[in-house]
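> what follows is a predicted protein model with its sequence.
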Amino acid sequence: MKINIFKIILISSFLALFSCVNKIKNIEPKPYKAGVVISFDDAYVDEWFDADKVLKKYDWKATFCVCRIDSIGKPQIKKLLDLQKEGHEMAGHGYHHYNAVKFVHKYGIDEYMKQEINPMIASMKKKGFNVSSFAYPYGERSEPLDKALSPKFKVIRGRDFCDNVPEKEGSYFRDSKFMYAFDIDNNHIHFSIPYLLELLDYTKKNNKILILCSHKPVKNLTKNYQIKIETLEFVCKYMKLNDMKFYRLSDLDSLETIK
């Protein structure tokens, strides 16, 4: 009889412990998959389209932050729409590509919204682009600007101006709609393949999401604001080998972050 009572107590204790563990598991946020946002700025549509042909084999997804939308020709608009159909994201990058901070300092936020943001949103929508993210031209931002843009965009991206130590970089998703990107143009002062590898290793090891930006993909560098297609391939190959996920900027809006 005593043995049976002991068994009952033991089983009851086990079930109670199991129930507590399950409750703890249920209230813990699920970890998202480590990955990278690859974003491009400006309006290098032909080069983006050509890069996509090379990188399709990696099932990559990117965010193209487009500026001067009404200066882009019809063939290029079609290419952007084709990229969007493939699952890539089209984001805003300014109607005129003004430096937001400098423009606001001179003319004010209301004028900035009137000249740079509202016509961009209207024109991109008219052309068939689903825009919910915005990247500041030149990467410069301010709190008043973030506040003014917040109702219009789910994700707002600036540019990280680098600490040269992966754990101190500001270019990781941090459970906020306001984020920064690390510039991987090959001629950027802070760029190097070894440091890019450090960032990717840190991202994978610590289950982070790294946000990258660049401009014009090319085979051979000829001027500033260019990235070698082989550098993009390096990132994509690393991600595939390490089972990392391609995120778009808009994807980060709905993520649940590990505290």
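That came through fine.
> which helices and strands does the host helix or strand of residue 53 pack with?
Taking DSSP states H and E as the criterion, residue 53 maps to helix 45-55. Applying 3 or more CB pairs under 8 Å, 6 or more residues apart in numbering; DSSP states H and E, one finds that helix 45-55 contacts helix 74-85, strand 216-218, helix 229-241. For every residue, glycine as well, the C-beta is placed using N, CA and C.
> tilt between that helix and helix 229-241?
In terms of direction (axes from the mean of the first three to the mean of the last three CA atoms, to 10 degrees), helix 45-55 departs from helix 229-241 by 40 degrees.
> ranges for the helices of the chain?
2-27, 45-55, 74-85, 100-107, 109-112, 118-126, 143-149, 193-205, 229-241 (DSSP state H).
> out of those, flag the one nearest residue 179.
Closest approach to residue 179 among the helices of the chain (CB to CB): helix 143-149, 10.8 Å.
> neighbouring contacts of that closest one?
Contacts to helix 143-149, defined as CB atoms under 8 Å, 6 or more residues apart in numbering, come from residues 100-101, 104, 109, 112-113, 117, 134, 136, 156, 178.
> export the residues you listed to a markdown table and tack on neighbour count, distance to residue 168 and pLDDT?
Shown next, in a markdown table, are these (neighbours: other CB atoms under 10 Å; distance: CB to CB, whole Å; pLDDT from 0 to 100):
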| residue | neighbour count | distance to residue 168 | pLDDT |
| --- | --- | --- | --- |
| 100 | 26 | 25 | 98 |
| 101 | 18 | 23 | 97 |
| 104 | 20 | 28 | 98 |
| 109 | 17 | 31 | 97 |
| 112 | 22 | 31 | 98 |
| 113 | 17 | 33 | 98 |
| 117 | 21 | 32 | 98 |
| 134 | 24 | 25 | 98 |
| 136 | 25 | 21 | 98 |
| 156 | 22 | 22 | 98 |
| 178 | 14 | 18 | 96 |
